[in-house]
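Peer 1: The following block contains a protein sequence and its predicted model.
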Amino acid sequence: MSESVRVRFAPSPTGHLHIGGARTAIYNWAYARHFGGTFVLRIEDTDPERSTEENTQAIIRAMEWLGLDYDEGPGVGGSYGPYFQTQRAESYAEALERLKVEGAAYPCFCTPQELDAKRESARALGGFAGYDRTCRSIDAESAAARIAAGEPHVWRLKVPEDRGDIVFPDAVRGDVTFAADVVDDLVLVRTDGTATYNFAVTVDDATMAITHVVRGDDHLSNTPKQILIYEALGEKLPVFAHLSMILGADGKRLSKRHGATSVEAYRDMGYLPEAVMNYLALLGWSLDGETTVFSRETLAENFSLDRVSRNPAIFDDEKLEWLNGVYIREMSAEQLVDRIVPVLVDASLISADEAVTRRAWLLKLAPMISERLKRLDEVVPMVAFLFSDGIEIDEASRQKVLEKEGSGVALDACRAALATIPTFDAETIEAALREVPERVGVKPKVAFQAVRVATTGSTVSPPLFESLELLGREQTLVRIDAARPLATS
RNA sequence: GGCCCGUUCGUCUAGCGGUUAGGACACCGCCCUCUCAAGGCGGAGAUCACGGGUUCGAAUCCCGUACGGGCUACCA
């Protein structure tokens, strides 16, 4: 029981779930699933200025979309709740009480102004700018008297004088050492009685029995402080694992400046959750150095912290796109249609009702576009020509193809063939068109491209014969007729 | 400023004392082909940040330097 792995993802709802946070969540999820452990979601909403309920919901939505199911947390409950930091004030108060009783915490009456001044002068001397422990020497009675008199104060951790260097084995970075004198008597509880971040996190992780703290690199420097708190509380230390940051293409920390950074933005751009998950997993972890495409199950099976990379990784949109294409190609026609319909409806190319009645038609379309799509939203420009009544012929395509010698006769011959074939399916269409070029003395490419431009408006389109079938005979002939005057000879 | 972490093709990475430094994306060429893709084959691309050690031998171990990042709050 006490052996079982308990990990947590603890986002602060000050924004949407971003790429970096998502990767942290994925690693935690994978770690828990690998060991059959428990994955906890805890919302660190203690910043009232920036935390919103809306962001909390967005984060939960994004996690659901990625398929990161958690065993304890908002909505699912669990025996270590509540899972919102703002609802855990009691446990912080209890923890402080324990520290007071043990003499591991003391009140500090220094004002912020005094502290700023001290910090400034300490830094000017070029050294460590931690708290100078002034209030530590105030005796218990006078401290109690000052508190009773209502003097504003915070509670600080009394770091043991004899505490040596703080060394801990980080599961991804190896042993990390902090000299004893760089950790000061940090504030645990503020003047207003609320817990500081380091105190809250530590108390939460301890009381929630978290065994492995897997989080971003930005918390590495907080770790010695938290270790001291664990020790003061007499709690067992978890295993720490710090993940490197994800950087933008310019090598700077990923931010809004780099464009889309939230998971939901990627969803809206037509990325599949399994692709995003796969890509993010690969950004800082490798299965064996060879395997790049793998399912979430494979990830869970193989995930281990010792294969997590120590270097920061630059986010590469192109590789994500490629991977997304891989997943799109792997889908069945049924699956692709299911994913594509909302996009088509959204773009008003088709109504939700039509999507149902024309299901068979859509199923024929799916294989034509699946190997051409990297993102779901690319389907709109790709198939728009199938939905409108008329089309506009792209000028460059017109020049390149319809001005070519022989395009006119080819169009005439193709039109005639298409008008007379008994059935208008891809196979029959192909058979009929295949014999046209030789008969009228033009190259196949010239003839087919002429038909393509006439019917789709562009030199680039899904496969021609299949496209014509889906377009239907009537519309095909109308379009060829409309384009005919634009063709040469 | 102080402390901590990091540095292998453009990018993500494999490598954990002896390899022609491997794979993937991107790029280039050829093949396939009704266009575009997809696919197949091949190519180019890394003085393993730099400088010292240790060793018969170092991308791998140690020490510096440079560069990048993080923390340094009564933010999280």
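Peer 2: Alright, I've got the coordinates.
Peer 1: contacting residues around the closest residue to RNA strand B within the stretch 351-489 of chain A?
Peer 2: Minimum separation of the stretch 351-489 of chain A from RNA strand B (Cβ to the nearest atom of the strand) falls at residue A:464, amounting to 3.2 Å. (Glycine included, C-beta is placed from N, CA and C.) Contact analysis of residue A:464 by Cβ atoms under 8 Å, 6 or more residues apart in numbering lists A:433, A:448, A:451-452.
Peer 1: where does chain A have its least confident helix or strand?
Peer 2: helix A:112-124 (a mean of 82; mean pLDDT, DSSP states H and E).
Peer 1: chain center to it: distance?
Peer 2: For helix A:112-124, the gap between its own C-alpha mean and the chain's C-alpha mean amounts to 40 Å (Cα atoms, centre = their mean, to the nearest Å).
Peer 1: that older thread, nearest to residue A:60, of the contacts of residue A:464?
Peer 2: Among the contacts of residue A:464, residue A:452 lies closest to residue A:60 (Cβ to Cβ), at 46.7 Å.
Peer 1: rewinding a little: next secondary structure after the least confident helix or strand of chain A?
Peer 2: Helices and strands here follow DSSP states H and E; after helix A:112-124, the next one along the chain is helix A:140-148.
Peer 1: in that following helix, what's buried?
Peer 2: Residues of helix A:140-148 classed as buried: A:143, A:146 (neighbour count, 16 or more other Cβ atoms under 10 Å).
Peer 1: near RNA strand B at all, it?
Peer 2: No - figure legend: helix A:140-148 not in contact with RNA strand B (Cβ under 7 Å from any atom of the strand); closest approach 13.1 Å.
Peer 1: Now do that helix: everything it contacts.
Peer 2: Here helix A:140-148 makes contact (Cβ under 8 Å, 6+ apart) with A:106-107, A:109, A:135, A:138, A:153.
Peer 1: what do you get if the cut-off is 10 Å, keeping everything else the same?
Peer 2: Residues outside helix A:140-148 that contact it (Cβ atoms under 10 Å, 6 or more residues apart in numbering) are A:103, A:106-109, A:135, A:138-139, A:151-153.
Peer 1: Who are the contact partners of the spatially closest residue to residue A:436 that is not a sequence neighbour?
Peer 2: Residue nearest to residue A:436 in three dimensions, not counting chain neighbours: residue A:413, with 4.7 Å by Cβ to Cβ, 6 or more residues apart in numbering. Applying Cβ under 10 Å, 6+ apart to residue A:413 gives the contacts A:432-433, A:435-437, A:439-440, A:442, A:447.
Peer 1: on that earlier part again, take the contacts of residue A:464 and write them to a markdown table, including pLDDT, distance to residue A:280 and neighbour count.
Peer 2: Below are the contacts of residue A:464 laid out as a markdown table (pLDDT from 0 to 100; distance: Cβ to Cβ, whole Å; neighbours: other Cβ atoms under 10 Å):
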| residue | pLDDT | distance to residue A:280 | neighbour count |
| --- | --- | --- | --- |
| A:433 | 96 | 46 | 22 |
| A:448 | 96 | 42 | 20 |
| A:451 | 96 | 44 | 27 |
| A:452 | 96 | 39 | 21 |
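Peer 1: In JSON lines, list those residues along with secondary structure and distance to RNA strand B.
Peer 2: Output for the contacts of residue A:464, formatted as JSON lines (DSSP: H, G, I helix; E, B strand; the rest coil; distance: Cβ to the nearest atom of the strand, whole Å):
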{"residue": "A:433", "secondary structure": "helix", "distance to RNA strand B": "9"}
{"residue": "A:448", "secondary structure": "helix", "distance to RNA strand B": "4"}
{"residue": "A:451", "secondary structure": "helix", "distance to RNA strand B": "8"}
{"residue": "A:452", "secondary structure": "helix", "distance to RNA strand B": "6"}
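Peer 1: Which residue ranges of the stretch 251-400 of chain A form helices?
Peer 2: In the stretch 251-400 of chain A, the helices defined using DSSP state H, counting those that start in this stretch lie at A:263-268, A:273-282, A:296-302, A:317-330, A:333-346, A:352-357, A:359-370, A:379-383, A:395-397.
Peer 1: highest average neighbour count across the ones you listed?
Peer 2: Highest mean neighbour count of the helices of the stretch 251-400 of chain A: helix A:273-282, a mean of 23 (counted as mean count of other Cβ atoms under 10 Å).
Peer 1: and that one, anywhere near RNA strand B?
Peer 2: Yes - using Cβ under 7 Å from any atom of the strand, we find that helix A:273-282 touches RNA strand B at residue A:282.
Peer 1: which secondary structure elements does that helix contact?
Peer 2: Here helix A:273-282 touches helix A:19-35, helix A:53-66, helix A:263-268, helix A:296-302, helix A:317-330, going by 3 or more Cβ pairs under 10 Å, 6 or more residues apart in numbering; DSSP states H and E.
Peer 1: relative to helix A:317-330, how tilted is the longest one?
Peer 2: Right, helix A:19-35. Orientation check (axes from the mean of the first three to the mean of the last three Cα atoms, to 10 degrees): helix A:19-35 against helix A:317-330 gives 50 degrees.
Peer 1: same thing with the second one?
Peer 2: Orientation check (the same axes, to 10 degrees): helix A:53-66 against helix A:317-330 gives 50 degrees.
Peer 1: Give the next helix or strand downstream of helix A:53-66.
Peer 2: helix A:89-101.
Peer 1: Mind listing what's buried along that next one?
Peer 2: Neighbour-count burial for helix A:89-101 flags A:91-92, A:95-96, A:99 (criterion: 16+ other Cβ under 10 Å).
Peer 1: Adjacent strands (with direction) for the helix or strand following it?
Peer 2: Where DSSP H and E defines the elements, the next helix or strand beyond helix A:89-101 is strand A:105-108. Using DSSP bridges, the strands paired with strand A:105-108 in its sheet are strand A:154-157 (antiparallel).
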